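Enquirer: give me a model of this one.
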Amino acid sequence: MFVKTANNEVEQYPYSIEQFRADNPTISFPADISNDTLAAHGVYPVGYGVAPDYDPVTQKLITSSQPSLVDGKWVLTKSVVDKTAEQISNDTATKALQIRDIRNGRLAQTDWCAGTDLTMSAEMAAYRQALRDVPAQEGFPYAVVWPTAPNPE
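Expert: Residues are numbered from 1 along each chain as shown. The predicted structure is shown next:
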């Protein structure tokens, strides 16, 4: 991903090596064009800026659509925006479904020991109950402490 610039201003983004070659049809460039050669023509690679700290539960990162010149490099900057109450609610519901799916999978892995012809150990019964109690944990669904499965008997 590249940016074509003029006087340190974005002229075209995104910009590709193919576009660069098409824009300079009378110049023969090597297969791998160096960044120095590109820079001599006002073309620079674009990276990503450092993401600021944020709370993913209540905020989201937004990446700029146009690169900026930061400390001598062209980067797509990232900024933090507060989520709406509806976004927080939807994200929390989605996360809760994901955690419940994991919990249900772990319960399913132990269903074999709940058969009528088996006597379930107290440790397995406690583990299965702890799995069922996961949604009641403080911090659910973002901070879950998974119980440790006992050794199968």
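Enquirer: in what helix or strand does the residue lying farthest from the centre of the chain lie?
Expert: For the chain, the residue at maximal distance from the C-alpha centroid (Cα atoms, centre = their mean) is D117, at 45.7 Å. Counting by DSSP states H and E, D117 is held by no secondary-structure element, helix or strand.
Enquirer: per-residue pLDDT of it, please?
Expert: For D117, the pLDDT comes out at 79.
Enquirer: so which helix or strand takes in Q98?
Expert: When elements are assigned from DSSP H and E, Q98 belongs to helix 85-109.
Enquirer: what's the nearest residue to A149 if we skip its chain neighbours?
Expert: Y127 (5.7 Å; Cβ to Cβ, 6 or more residues apart in numbering). Placement of C-beta: from N, CA and C, glycine included.
Enquirer: how far away is that neighbour from A114?
Expert: Y127 sits 11 Å away from A114, taking Cβ to Cβ, to the nearest Å as the criterion.
Enquirer: next one: L69
Expert: From L69 to A114 the distance is 63 Å (Cβ to Cβ).
Enquirer: please look at R128 and T110 and confirm they touch.
Expert: Yes - taking contacts as Cβ atoms under 8 Å, R128 lies within contact range of T110: 5.9 Å.
Enquirer: more neighbours, the two?
Expert: Of the pair R128 and T110, R128 is the one with more neighbours under other Cβ atoms under 10 Å, namely 20 against 17.
Enquirer: got a list of what that one touches?
Expert: L107, T110, A114, M120 (Cβ atoms under 8 Å, 6 or more residues apart in numbering).
Enquirer: am I right that it sits in a helix?
Expert: Yes - counting by DSSP: H, G, I helix; E, B strand; the rest coil, R128 is located in a helix.
Enquirer: number of residues surrounding Y54?
Expert: For Y54, using other Cβ under 10 Å, the count is 15.
Enquirer: ramachandran angles for it?
Expert: Main-chain torsions, Y54, degrees, to the nearest 10: phi -160, psi 160.
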